[in-house]
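Predicted model, plus sequence, below.
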Amino acid sequence: MAAVFGVDIGGSGIKGAPVDLTGGQLAEERHKVLTPQPSTPESVVAAVHEVVSHFGHRGPVGLTFPGVVVDGRIQTAANVSKDWIGLDAAGLFRESLDLPCTVLNDADAAGLAEVRHGAGRDRSGVVLVLTFGTGIGSALFSDGVLVPNTELGHLELRGKDAERRASSAARERHELSWADWAVRVDEYLDLVEKLFSPQLIVIGGGVSRKHDKFLPLLADRPAEVVPAVLRNDAGIVGAAMAAAAG
């Protein structure tokens with residue numbers, strides 16, 4: 001089959017690459033552009049076009065989106081322009097790129113990649129993949145089957161969205177030490193553990209490459225807590241996996 005391409009659309013950056021689906025790895029070094037501000041549909045579609053065109057790719061494209069996505073249509077948009085809500089994103093990208101396009105929630109894509117090729121591989125029971133970045137994304141699996149669009153970063157914690165307190169961006173915004181941030185992450189993990197009783201929690205997102213600075217500081221808990229293996233490439237790989245699945 002033609003090469004499959006993955007694009008990860010985030011609140012701060014849009015990155016993409018062709019993906020080797022056999023090994024769950026990028027086939028070439030990824031190309032990244034900054035997420036346009038404001039992140040309107042027109043500007044983001046143009047940025048995605050630039051990323052895909054950089055590789056001269058012709059074939060299926062999978063794209064992640066930071067919000068709830070049902071049948072390619074956007075239902076929520078927490079960290080990008082609200083103009084996305086209600087739009088047929090898959091149709092917009094298909095029209096711009098003139099290629100088959102599949103759109104899914106960003107954390108769900110990262111989770112698919114980690115469960116197939118990374119830290120959640122061959123793990124049964126309830127597995128929760130959490131991505132800490134601009135917000136907190138979540139992907140919930142039961143015996144390897146995804147429950148899509150959980151968006152657990154928006155659970156209420158101390159009267160506000162949990163991601164406002166415990167995301168990687170919140171750590172930077174409040175200039176927290178790793179130890180102080182770990183206290184907030186623990187509080188958040190207590191909440192999701194109480195709700196879902198996962199056997200395994202995989203910590204991904206941009207901050208996962210610095211996992212040695214905060215994972216050892218977290219409290220012991222019933223769930224095993226491990227860093228993501230695919231780090232920040234998981235969204236690209238998962239998007240390509242979704243495109244290949246059709």
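Structure received. For clarity, every value in this text was computed on a predicted model and none was experimentally measured.

okay, CA-based contacts and neighbour counts for the rest of this
Will do.

Check whether the residue nearest the centre of the chain sits in a helix, strand or coil.
When the chain is reduced to its mean C-alpha position, the closest residue under CA atoms, centre = their mean turns out to be residue 107, at 3.0 Å. The three-state label given to residue 107 by DSSP: H, G, I helix; E, B strand; the rest coil is helix.

Give the full set of residues in contact with it.
Residues in contact with residue 107, defined by CA atoms under 8 Å, 6 or more residues apart in numbering, are 66, 129, 130, 131, 137, 138, 139, 235.

closest to residue 33 among these?
Of all the contacts of residue 107, the one sitting nearest residue 33 is residue 235; the distance, using CA to CA, is 15.3 Å.

Nearest residue to the closest one in space, please, no chain neighbours.
Distance criterion CA to CA, 6 or more residues apart in numbering; nearest residue to residue 235, sequence neighbours excluded, is residue 110 at 4.2 Å.

secondary structure element for that neighbour?
Residue 110 is part of helix 106-117 when elements are defined by DSSP states H and E.

Pairing partners for the next helix or strand after that helix, with directions?
On the C-terminal side of helix 106-117, the closest following helix or strand by DSSP H and E is strand 126-132. Applying DSSP bridges to the sheet, strand 126-132 is found paired with strand 136-142 (antiparallel), strand 200-204 (parallel).

orientation of the last one relative to helix 106-117 in degrees?
Relative orientation of strand 200-204 with respect to helix 106-117: 120 degrees, computed using axes from the mean of the first three to the mean of the last three CA atoms, to 10 degrees.

Identify all contacting residues around strand 200-204.
Contacts of strand 200-204 from elsewhere in the structure, counted by CA under 8 Å, 6+ apart, are 119-120, 126-132, 223-228, 231-232.

Buried only: go through the residues you listed for me.
Judged by neighbour count, with 16 or more other CA atoms under 10 Å as the criterion, the buried members of the contacts of strand 200-204 are 119-120, 126-132, 223, 225-228, 231-232.

wait, which of those is closest to residue 179?
Closest to residue 179, out of all of the buried ones among the contacts of strand 200-204 and judged by CA to CA, is residue 132, at 15.8 Å.

Spatially nearest residue to the closest one (excluding sequence neighbours)?
Nearest in space to residue 132, with sequence neighbours left out and distances taken as CA to CA, 6+ apart, is residue 205 at 4.8 Å.
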